[in-house]
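Peer 1: Turn this into a structure:
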Amino acid sequence: MSLNSMLTNIKFNQLGKIESSIQFKHLYLLAFTLYLLPLLSACTRLPNVQGKGEDFMQGVWNQDSVAYSNKLSNYTKHHFKFTCDSVYIDFETHSKVNFYEDSCYNNGIWKEYAKGVYGVKGDTLIVGATFTHANYKQKISGCYRIGRYERNFLIKKKSADTLVLESMSDQREITLSLKEKVTCVQKEL
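Peer 2: A predicted model of the protein is given here:
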């Protein structure tokens, strides 16, 4: 039923009240449809490719040293690779204290790996990753950490060849040097 035919079917009774062949449920349906129309037309399907990430971060970054490492009972050196919106992280942990079973301790030096995505919001780097094996395939058991690696870092300094991050969970500073620049080539998901 069109809007014009609905309006022509409106009649007035003796008391001046409108009598209509329109049932109220049709009016509610019409109002609901008009309400939803802008919302539905605003939705667009996102392309099925990874995001571009941040230009200044694209590359391979190494933490060459850790401040006061000789005085710490344990510390971790970081290696980041940012490509488009993806991040690959290698951790090299040095520990004087054994937190794991003897077969995992490896004389106090071990490596861990994580793969995920990152985003930058204002001055904060947000990393959402999963611990993996050295080939970046998901790790579900074994020595060291498994599961999610979720971290936020304050970007304290950024330049063409230096990136200084401060972990928001333990306030440790990570000074990274650019080892190789990477150009983002977006891949299909």
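
Peer 1: Using PDB, write out every CA atom in the longest strand along the chain.
Peer 2: Ranked by residue count and defined by DSSP state E, the top strand of the chain is strand 109-121. Coordinates of each C-alpha in strand 109-121 appear next as PDB, following Å, rounded to 0.1, in the frame of the first residue of the first chain:
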ATOM      1  CA  ILE A 109      69.000 -17.600  27.900                       C
ATOM      2  CA  TRP A 110      66.000 -18.400  25.700                       C
ATOM      3  CA  LYS A 111      64.000 -17.000  22.900                       C
ATOM      4  CA  GLU A 112      60.200 -16.500  22.500                       C
ATOM      5  CA  TYR A 113      58.200 -15.300  19.500                       C
ATOM      6  CA  ALA A 114      54.900 -13.600  18.900                       C
ATOM      7  CA  LYS A 115      52.900 -12.500  15.900                       C
ATOM      8  CA  GLY A 116      49.900 -10.200  15.700                       C
ATOM      9  CA  VAL A 117      48.700  -6.700  14.800                       C
ATOM     10  CA  TYR A 118      49.400  -3.300  16.100                       C
ATOM     11  CA  GLY A 119      47.800   0.200  16.100                       C
ATOM     12  CA  VAL A 120      49.000   3.600  17.100                       C
ATOM     13  CA  LYS A 121      46.500   5.900  18.800                       C
END
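
Peer 1: any idea of the mean pLDDT for the helix or strand just after that strand?
Peer 2: Using DSSP states H and E, the next helix or strand after strand 109-121 towards the C-terminus is strand 124-132. Mean pLDDT, computed over strand 124-132, is 97.

Peer 1: how long is stretch 80-98 from one end to the other?
Peer 2: Between the opening and closing residues of stretch 80-98 there is a gap of 26 Å (CA to CA, to the nearest Å).
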